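K.L.:
model this:
(4 chains)
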There are 4 protein chains.
Amino acid sequence: MKVAFLGLGNMGEHMAANLLKAGHEVTLWNRTISRAERFRSEGARVASSPADAARNADVAITMLADDHAVSFAVESTDGLLQTLPKGAVHISCSTISVALSQRLAQEHAQHDQQYITAPVFGRPEAAAAAKLFIVAAGKQDIVERCKPVLDPMGQRVFYMGDKPEMANVVKLSGNFLIGAVVESLGEAIALARKYGIDPHQYVELLTSSLFAAPVYKTYGGIIADQRYSPAGFKLRLGLKDVKLVIAAAEAVDTPLPIASIVRDHMLTAIGRGMEDLDWSATAKLAAENAGLK
Amino acid sequence: MKVAFLGLGNMGEHMAANLLKAGHEVTLWNRTISRAERFRSEGARVASSPADAARNADVAITMLADDHAVSFAVESTDGLLQTLPKGAVHISCSTISVALSQRLAQEHAQHDQQYITAPVFGRPEAAAAAKLFIVAAGKQDIVERCKPVLDPMGQRVFYMGDKPEMANVVKLSGNFLIGAVVESLGEAIALARKYGIDPHQYVELLTSSLFAAPVYKTYGGIIADQRYSPAGFKLRLGLKDVKLVIAAAEAVDTPLPIASIVRDHMLTAIGRGMEDLDWSATAKLAAENAGLK
Amino acid sequence: MKVAFLGLGNMGEHMAANLLKAGHEVTLWNRTISRAERFRSEGARVASSPADAARNADVAITMLADDHAVSFAVESTDGLLQTLPKGAVHISCSTISVALSQRLAQEHAQHDQQYITAPVFGRPEAAAAAKLFIVAAGKQDIVERCKPVLDPMGQRVFYMGDKPEMANVVKLSGNFLIGAVVESLGEAIALARKYGIDPHQYVELLTSSLFAAPVYKTYGGIIADQRYSPAGFKLRLGLKDVKLVIAAAEAVDTPLPIASIVRDHMLTAIGRGMEDLDWSATAKLAAENAGLK
Amino acid sequence: MKVAFLGLGNMGEHMAANLLKAGHEVTLWNRTISRAERFRSEGARVASSPADAARNADVAITMLADDHAVSFAVESTDGLLQTLPKGAVHISCSTISVALSQRLAQEHAQHDQQYITAPVFGRPEAAAAAKLFIVAAGKQDIVERCKPVLDPMGQRVFYMGDKPEMANVVKLSGNFLIGAVVESLGEAIALARKYGIDPHQYVELLTSSLFAAPVYKTYGGIIADQRYSPAGFKLRLGLKDVKLVIAAAEAVDTPLPIASIVRDHMLTAIGRGMEDLDWSATAKLAAENAGLK
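P.N.:
Numbering: from 1, shown residues only, chains lettered A, B, ... in the order given. Sure, this is the predicted structure:
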């Protein structure tokens, strides 16, 4: 298929590479164009704007940092909304707000374009290995039609329903659940340390028994090691996502008390100078709040 | 070894059976004696009091409901403190307070008896299958000496350190982490449902990816099914454990904000008539708080 | 002075009446024009649009429901930004977001107009009696110049500083503090009732001693009486203000954990069907959460 | 009346002095006896133990630091339970747990003694000036009979009901409400400071309008001044009281989410080295959490 791929960050670059490997005809766009040029040798075309990239595409994929970047790439005068052919599909893979996703759905409908969402779970390593978990939503036949593009990027596609924002809700709530794991693990490990328990043994126990899940292993390790820098995912980015899930919940009158705690602790961590640390630094805050040095 | 086993509830009965199977010489005591009598055919002796059971034991195991029951079985005039031979070991497997565990350690030392702790993670099915995770603490050589008794009851023994209360802290904090999973899952699933997402598909996604852990599968299933009755573990018992972890944390000046939320929501669930439901009914509360019927 | 007054709700109608009484030359605008017509007999002119009202004004006052209404009255093609004379002053009395207030400050500066804020504390009765507390911010000489207009509307003007958004922060944080009083009183009264204490006696004690403040008297009375309907200030309006204070705090990386609780409980109250009650219905929620009928 | 007064701390010394002034025949006991000796010149007798003090008393008043001290003074072998004449009254003025108060009620009944509670609101200055607010509970005729003793100590006696623990609940919940004021004020003032607002002007505004209550003036002043030392009431004592109100609430299955926040923040403040500061140091914590130095 003819694929426009917009956004070559540390996730997008791997996803685009996997699309090229799968034999798609890929046109790339990135704000810093040099990141796109590298892929010419692998057969990619490089476009000068989102509109340019999407002009003849069957599918345009956006994998950008935030609402602002997606809005620019879609809605601006250089945006793909202007050029994406009728009937072609915009697949939004970015972690964006429910509100923006709903607006994009309307705008694409007005332009007789298709819009589905496909945010992903996984870190850059998983993106490189095509091991992402892809959460898709939108009209089912359109999602089916996009399978040749989605499959090469991940290990499994989960279809969540026919409203595009459903996948955004799933992605945001998934990040909220990770934040909840970090916060509660941080509290529990602080308590264990106060009683003289070795945090590595504690995490080993948890992750060998009831909590044998990737997220506990990853973050349990970081917390036991107190390895908050360099940041895999910066605190302020984590805060952004927690705010987005709270906004999505407020829009449907749903309280998320644990998310409120996580949000408040992220703000506190920023106030206490941890802005450049990994978003799991809420566990560092928990340790300090318990009087651990 | 000569083992006194006190407490034949829905966990203890399986643990005692496994000790019998392993060839130990087991004397049983239970407040309702009929639950002990059943085991005579399997070679068990039945005692009329904790003191009677422990009289010639190498090891006395307590697996009782709460602080009150353990205090009675150990410290009362009929308690094992009176009769357990010098040098013999009391293994406390119950989920009890850190404060009681510390007191028992002192009392046993004064009686020249040994005291270690070995609380367990797992449900009755795991106890029956000898698949429990056993968390042990106390003097390392004593824990070693007790291996022939611990091993037949579980799939793995984790040694946490030389102070007996360490294992109690681990057990209580583990239950806190489960409570945090239930609460955060409950909130996330309520949010998903508000957006029309099928809760089973949502849980399937989570537990097939980042959250592929037993605790998410068990409780995710319960919450998606809204299957809070019959209770596997009643709300008030869960509340008791959360109170114990908060007390253990307060004793070392450690805040556990997530535990505070879980505790307050358990109290609220009781106030709203869910007392007889499973302790995961905080997820039912989350759904109702979001306006779901 | 020539005053344009925009917004004749249950606060604005009294404030406008007091300006007329004070001898100002007042032009009124209200979305529903009939509410303005009534004042013709008292000497008011009636305008057909905000722009029309502000055309020759020395001062234009906005007293509208929310950001949306203020944005329309100021920034739309019919907005006062188009017509307010150079050097004339827009006094924003509405409870609006800090973000909107900052934007209006910029826009007025670009139009060589002055902009100050003057939100008020007090209920309609206080507005009628010119007993409002007025919180002003903006350039000090401009606030001084507006005194002849501010004084007739309230009992005292508090000057908070030279940035217009300061008064918005004060107003929003004041509403937050009221929300905190309601929530904490609601919890305390629920506890008292559980112990059989008469809530009226309890409130009488509090408000005769350490808590002898209007806000405790007003809301203590409502809670003791369980008089949440008719609503003096609807739950969703209270929620709006709590969201605005949280947004203002997030913008400067400040956690407000009590505001998070209040927000979550307001959402819960809405989820439980209390949307049409007074915003103090969080106290009703507290009572129900405690198992009181 | 013959009054035994036990406990001459910085509150009790003034209360005892006022009883002497009122002409009562007062016998004093204090753990550090020198504090009692000073009153001999004013006509007081000094006793060597609580039991000794209460031997011929009509009324025995306890005004001690905590449950432990009250339990010693009442229930120990030297306690007043042993000697207080039948029909005489124990008036418990201390801030103690509901559980202890309920137990004392039973024990006094078993000894044919009367038991009422009369905890007080006010600081040492108010105690000296006989301006305390006294909250009484217990059998109404017994409270009436004690009026000649209660009246000289305070400015007003509030009768809350016939179960003695009712006054304890009121006292504890009152302290909770003060803690809630401090916490919410601390958050609001931190927010105001972040926007450049002068905290003294902010407090002046609040306490001149809706929040014109002693508790806002006292603590608003402390927070604006950042005057947390010397401590009027130390953080750990505040924490003790918040724990007691939470325990009282748990006993009747009542959640107090705001109290949970206050408790967690007090623990955090202790963890961050503020143990010797005034209990209003939770406001210092709020400021630091907001990134203020």
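K.L.:
and the spatially most central residue of chain A, what does it touch?
P.N.:
The centre of chain A sits closest to A:Thr95, judged by CA atoms, centre = their mean, with a distance of 4.5 Å. By CB atoms under 8 Å, 6 or more residues apart in numbering or on different chains, the contact set of A:Thr95 is A:Asp66, A:Pro119, A:Asn168, A:Lys171, A:Leu172, A:Asn175, A:Asp241, A:Leu244. Just so you know, the C-beta spots here come from the backbone N, C-alpha and C atoms, and that holds for glycine as well.
K.L.:
Quick one: those as a markdown table, columns for neighbour count and distance to chain C too.
P.N.:
Shown next, in a markdown table, are these (neighbours: other CB atoms under 10 Å in any protein chain shown; distance: CB to the nearest CB, whole Å):
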| residue | neighbour count | distance to chain C |
| --- | --- | --- |
| A:Asp66 | 16 | 15 |
| A:Pro119 | 25 | 23 |
| A:Asn168 | 29 | 20 |
| A:Lys171 | 26 | 21 |
| A:Leu172 | 28 | 17 |
| A:Asn175 | 25 | 17 |
| A:Asp241 | 22 | 14 |
| A:Leu244 | 24 | 12 |
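K.L.:
Is it possible to get CSV of those residues that adds secondary structure?
P.N.:
Shown next, in CSV, are these (DSSP: H, G, I helix; E, B strand; the rest coil):
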residue, secondary structure
A:Asp66, coil
A:Pro119, coil
A:Asn168, helix
A:Lys171, helix
A:Leu172, helix
A:Asn175, helix
A:Asp241, helix
A:Leu244, helix
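K.L.:
does chain B sit close to stretch A:284-293?
P.N.:
Yes. Counting by CB under 8 Å from any CB of the partner chain, chain B is contacted by stretch A:284-293 at A:Asn289, A:Ala290, A:Gly291.
K.L.:
So which of those wins on neighbours?
P.N.:
Taking other CB atoms under 10 Å in any protein chain shown as the neighbour criterion, A:Asn289 ranks highest of the residues of stretch A:284-293 next to chain B with 29 neighbours.
K.L.:
ok, now which ones touch the nearest residue to it once chain neighbours are set aside?
P.N.:
Nearest non-adjacent residue to A:Asn289, counting by CB to CB, 6 or more residues apart in numbering or on different chains: D:Thr268, 4.3 Å away. For D:Thr268, the contact set (CB under 8 Å, 6+ apart) comprises A:Asn289, B:Pro255, D:Leu285.
K.L.:
any idea of the pLDDT on the last one?
P.N.:
In other words, D:Leu285. Model confidence at D:Leu285, given as pLDDT, is 98.
K.L.:
still on that earlier bit, among the contacts of D:Thr268, find me the one that's closest to chain C.
P.N.:
D:Leu285 (10.5 Å; CB to the nearest CB).
K.L.:
what about the closest one, neighbour count?
P.N.:
D:Leu285 has 24 neighbours, counted by other CB under 10 Å.
K.L.:
in which helix or strand would I find A:Thr218?
P.N.:
Using DSSP states H and E, A:Thr218 sits in helix A:214-225.
K.L.:
and the residue in the stretch 1-150 of chain A that chain D sits nearest to, what does it touch?
P.N.:
Taking CB to the nearest CB, chain D has its nearest neighbour within the stretch 1-150 of chain A at A:Asp66, 22.9 Å off. By CB under 8 Å, 6+ apart, the residues touching A:Asp66 are A:Ser94, A:Thr95, A:Ile96, A:Lys240.
K.L.:
May I see the PyMOL selection of the buried members of the residues you listed?
P.N.:
The buried subset of these, as determined by 16 or more other CB atoms under 10 Å in any protein chain shown, is captured in PyMOL by this line:
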select buried, chain A and resi 94+95+96+240
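K.L.:
can I get the contacts of A:Asp66 in a markdown table with secondary structure and pLDDT?
P.N.:
Output for those, formatted as a markdown table (DSSP: H, G, I helix; E, B strand; the rest coil; pLDDT from 0 to 100):
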| residue | secondary structure | pLDDT |
| --- | --- | --- |
| A:Ser94 | coil | 97 |
| A:Thr95 | coil | 97 |
| A:Ile96 | coil | 98 |
| A:Lys240 | helix | 97 |
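K.L.:
Could you check how far the residue of the stretch 1-150 of chain A closest to chain D is from chain B?
P.N.:
21 Å (CB to the nearest CB, to the nearest Å).
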